[in-house]
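Engineer: Sequence and predicted structure, then a few things I'm wondering about:
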Amino acid sequence: MDLATHYATGPAEDSRLDRTPHGRLEYLRTRELLRRFLPGRERVLDVGGGTGVHAAWLAADGHPVHLVDVVPAHVARAAALPGVTASAGDARELDASDASYDAVLLLGPLYHLVEAADRARALAEARRVLRPGGLLAAAGISRYLSLLETGAAGTLTPGRVDPVRAVIETGAYDGHAGFVPTHWHTATELHDEVAAAGFTGTAVFGVEGPSWPALDFAGLSRFDELAEPALRAARIVERDPRLIDASAHLLAFAHRPA
């Protein structure tokens with residue numbers, strides 16, 4: 001199934017981060033981290049930005065935002081948001097001028113691009129359209145997501161052991177727990193891919209921290225009660241090399257050399 005078909009027939013993308021406790025935690029932490037690195041009024045290119053879940057608050061914060069996505073329905077939804085422009089496009093071949101943005105977000109492309117060469121192309125394009133000194137924010141899915149999710153939910157059946165082990169060892173996720181086949185990263189791998197693309201000062205953060213499976217087990221009804229302790233836990237170990245991969249998602253920040 002290609003991406004356009006998946007997102008056209010699957011659950012609505014604009015509600016993805018609200019359907020589960022760990023999705024809500026991902027949204028809050030991604031917003032928190034982006035705000036930490038985007039203190040001013042920056043020209044932001046949101047590549048693979050879906051329906052504009054993050055573009056909406058970035059624009060409300062005062063950042064001029066242009067969103068690019070491969071799914072036409074996403075582009076139409078995003079283009080209707082206040083302060084957001086949007087167009088169809090591919091992360092590997094951006095229709096943007098050299099050095100035309102202060103910040104580029106790749107919050108989805110790196111896991112949807114299962115071939116390393118395609119991820120390298122997307123990172124090279126992000127570097128090209130960034131101004132010297134501009135900021136890259138690139139997300140990955142942790143290789144340990146399926147292990148932690150199925151283990152905590154009681155759905156790690158004998159038939160899932162080999163696929164779970166395979167994604168940890170190789171990064172090749174086959175769709176065994178839902179979602180389309182994708183590439184999942186370790187924090188070290190994500191760091192190295194970004195650095196190899198010519199960015200400097202690469203730093204990788206764990207997004208949700210180690211508490212997200214417990215939030216999912218407790219359910220949406222307890223999210224407001226449990227969210228703040230989970231956020232505190234995520235902040236404490238956001239760069240801890242022994243726990244960073246326990247996050248469901250990883251977020252790398254780096255700069256184009258000045």
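Structural biologist: Happy to help now that I have it.

Engineer: May I have the predicted confidence score for the residue nearest to His66 when sequence neighbours are not counted?
Structural biologist: Spatially, and ignoring its direct neighbours in sequence, His66 is nearest to Thr85 (4.8 Å; CB to CB, 6 or more residues apart in numbering). C-beta here means a position set from N, CA and C on the backbone, and glycine is covered the same way. pLDDT, Thr85: 98.

Engineer: can you give me the strands for the stretch 151-258 of the chain?
Structural biologist: Secondary structure of the stretch 151-258 of the chain (DSSP state E, counting those that start in this stretch): strands at 172-173, 182-183, 200-206, 249-255.

Engineer: out of the ones you listed, nearest to Ala233?
Structural biologist: strand 200-206 (10.0 Å; CB to CB).

Engineer: how about that closest one: buried residues?
Structural biologist: Across strand 200-206, burial judged by 16 or more other CB atoms under 10 Å covers 202, 204-206.

Engineer: Name the residues that touch that strand?
Structural biologist: 33, 142, 187, 190-191, 194-195, 234, 237-240, 243-247, 249-257 (CB atoms under 8 Å, 6 or more residues apart in numbering).

Engineer: From the residues you listed, list the buried ones, please.
Structural biologist: Neighbour-count burial (16+ other CB under 10 Å) is assigned, among the contacts of strand 200-206, to 33, 142, 187, 190-191, 194, 234, 237-238, 243-247, 249-256.

Engineer: circling back to that earlier point, is it fair to say the residue nearest to His66 lies in a strand?
Structural biologist: Yes: counting by DSSP: H, G, I helix; E, B strand; the rest coil, Thr85 is located in a strand.

Engineer: My guess is it contacts Val75. True?
Structural biologist: No: with contact defined as CB atoms under 8 Å, Thr85 does not reach Val75; the gap is 10.0 Å.
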